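Chemist: structure of the sequence below:
(one chain, ligands or ions: 1)
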Amino acid sequence: MSPPSEIQLSSAELLDHNFPNHSPRLSFDGDTVDAWQDWRAQLLPELREQLGPFPDEAVPLNPRIVATESSDKITIHKVIYHSRADTPIPAYLSIPKGATAKTPAVLCIHGHVPDGKESVISGDGEFGSPYGRDLAEQGVITLCPDNAGMGERAHPSGGCDFLWRRLNYLGYDLTGYRVYDLMRGVDYLQSLPEVDKTRIGIAGLSGGCWLGIVHAALDERVQAAVLSGYFTTFAQTSWFGHCVCHHPKGIGELCEMPDIAGLIAPRPIFVEWGTEDVSRPVHPAFGMTQRIYRAANANDQITLQEFDAGHLFSGEQSLPWLIQTLSGRNR
Ligand SMILES: [Zn+2]
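Modeler: I've put the predicted structure just below:
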């Protein structure tokens, strides 16, 4: 039997009327330093709780270099280190030729692509700059790990949704799980004699931008961030069907994506967006985060470049900015 045609039964469509009036509980709504500090002190622990659990103690990284290749400018090591006792992380560590102690380092977070870390080292240009290689060739040490469920960490018969279900069964959030791996990547960079522990940045495109926003928000060791191609709102992306990878359970009750980015303040961020990338709009997200930076008296620490292209990492302005910022000449 068919229902009367005038009755709407589609569950997703029935939620439409909730959309216009939905307001996350801890979206920033202030203008002063005091308001910013109070808001930050409330949101940061709640966000950590929402994305957890996180391990109480870090296991030994036990890094092992399994392959090495060199070019004129850089040496690329394939390394495997441990995030958790049962979690080996494959990554590319790129070291500029002639690098000495106290070299800046950048954790390069790949996007939502099946080949994972390969895309930021040897990408064919489809997504713009392979920033893991480009930064290294300009004198910065880079670490490009595979995110959980992608690259060499993919499951042969399942995508990220397969991993999401297994983690959910165990009580984990996929974003938090991935961000913890990124924090261990910073641990690894800080363990290297060539790296200046106080000059560590991140760069990420697309899904790597999303993870970079969360990572930088939760990890104050990240001194500067380039956030490309997914600086947007949950309302404009997840509501319309972007992957569950970018939408932790219950996050829309707590805050919006630009609020998470605002937790990075007053540390500097550079946002870039191709204006043809209409399904990941940077507006109004950028203005929402800029308001938080303004309240934190850090309006000069947030930058936006819009460029005429689609969903890709430009790097034209952001990579020089990142190198200069980490080198301290811009502080
Ligand atoms: Zn996904």
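
Chemist: now do the SS call for the closest residue to the ion within the stretch 1-150 of the chain.
Modeler: Closest residue of the stretch 1-150 of the chain to the ion, CB to the ion: residue 112 (5.5 Å). For glycine as for every other residue, the C-beta is placed from the backbone atoms N, C-alpha and C. Classification of residue 112 by DSSP: H, G, I helix; E, B strand; the rest coil places it in coil.

Chemist: surely it touches residue 204?
Modeler: No - Residue 112 is beyond contact range of residue 204, at 10.5 Å (criterion: CB atoms under 8 Å).

Chemist: between those two, point out the one with more neighbours.
Modeler: Neighbours were counted for residue 112 and for residue 204 using other CB atoms under 10 Å; residue 204 has more, 29 against 22.

Chemist: tell me where the model's unsure across the protein.
Modeler: 2-4, 329-331 (pLDDT under 70).

Chemist: what ranges does it have for its helices?
Modeler: For the chain, helices defined by DSSP state H occupy the ranges 11-14, 33-51, 118-121, 131-137, 160-170, 174-191, 207-218, 251-254, 257-262, 285-295, 318-327.

Chemist: will you turn these into JSON lines that also has mean neighbour count?
Modeler: Listed next are those as JSON lines, based on neighbours: other CB atoms under 10 Å:
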{"stretch": "helix 11-14", "mean neighbour count": "8"}
{"stretch": "helix 33-51", "mean neighbour count": "16"}
{"stretch": "helix 118-121", "mean neighbour count": "25"}
{"stretch": "helix 131-137", "mean neighbour count": "26"}
{"stretch": "helix 160-170", "mean neighbour count": "15"}
{"stretch": "helix 174-191", "mean neighbour count": "22"}
{"stretch": "helix 207-218", "mean neighbour count": "27"}
{"stretch": "helix 251-254", "mean neighbour count": "18"}
{"stretch": "helix 257-262", "mean neighbour count": "26"}
{"stretch": "helix 285-295", "mean neighbour count": "21"}
{"stretch": "helix 318-327", "mean neighbour count": "20"}
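
Chemist: need these in JSON lines with distance to the ion, can you?
Modeler: Formatted as JSON lines, these follow (distance: least, CB to the ion, whole Å):
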{"stretch": "helix 11-14", "distance to the ion": "19"}
{"stretch": "helix 33-51", "distance to the ion": "16"}
{"stretch": "helix 118-121", "distance to the ion": "15"}
{"stretch": "helix 131-137", "distance to the ion": "20"}
{"stretch": "helix 160-170", "distance to the ion": "3"}
{"stretch": "helix 174-191", "distance to the ion": "8"}
{"stretch": "helix 207-218", "distance to the ion": "7"}
{"stretch": "helix 251-254", "distance to the ion": "15"}
{"stretch": "helix 257-262", "distance to the ion": "16"}
{"stretch": "helix 285-295", "distance to the ion": "20"}
{"stretch": "helix 318-327", "distance to the ion": "24"}
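
Chemist: columns distance to residue 276 on top of those helices, output as a markdown table?
Modeler: Below are these laid out as a markdown table (distance: least, CB to CB, whole Å):
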| stretch | distance to residue 276 |
| --- | --- |
| helix 11-14 | 27 |
| helix 33-51 | 31 |
| helix 118-121 | 20 |
| helix 131-137 | 20 |
| helix 160-170 | 25 |
| helix 174-191 | 27 |
| helix 207-218 | 16 |
| helix 251-254 | 27 |
| helix 257-262 | 21 |
| helix 285-295 | 17 |
| helix 318-327 | 18 |
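
Chemist: out of these, which is closest to residue 67?
Modeler: Each of those has some distance to residue 67 by CB to CB; the shortest is helix 118-121, at 12.7 Å.

Chemist: let's see that closest one as PDB, backbone CA atoms only.
Modeler: Output of helix 118-121 as PDB, limited to C-alpha atoms (Å, rounded to 0.1, in the frame of the first residue of the first chain):
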ATOM      1  CA  GLU A 118      51.300  10.300  -2.300                       C
ATOM      2  CA  SER A 119      49.100  13.200  -3.300                       C
ATOM      3  CA  VAL A 120      51.100  15.700  -1.300                       C
ATOM      4  CA  ILE A 121      54.500  14.300  -2.400                       C
END
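
Chemist: for the residue of the stretch 1-150 of the chain closest to the ion, what are its contacts?
Modeler: The neighbours of residue 112, taking CB atoms under 8 Å, 6 or more residues apart in numbering as the test, are 150, 160, 206-208, 243, 245-246.

Chemist: what about 10 Å?
Modeler: Counting by CB atoms under 10 Å, 6 or more residues apart in numbering, residue 112 touches 119, 147, 149-150, 160, 205-211, 230, 242-243, 245-246.

Chemist: cool, and residue 220?
Modeler: Here residue 220 is in contact with 263-264, 267 (CB under 10 Å, 6+ apart).

Chemist: most surrounded residue in the residues you listed?
Modeler: Ranking the contacts of residue 220 using other CB under 10 Å puts residue 264 first, with 29 neighbours.
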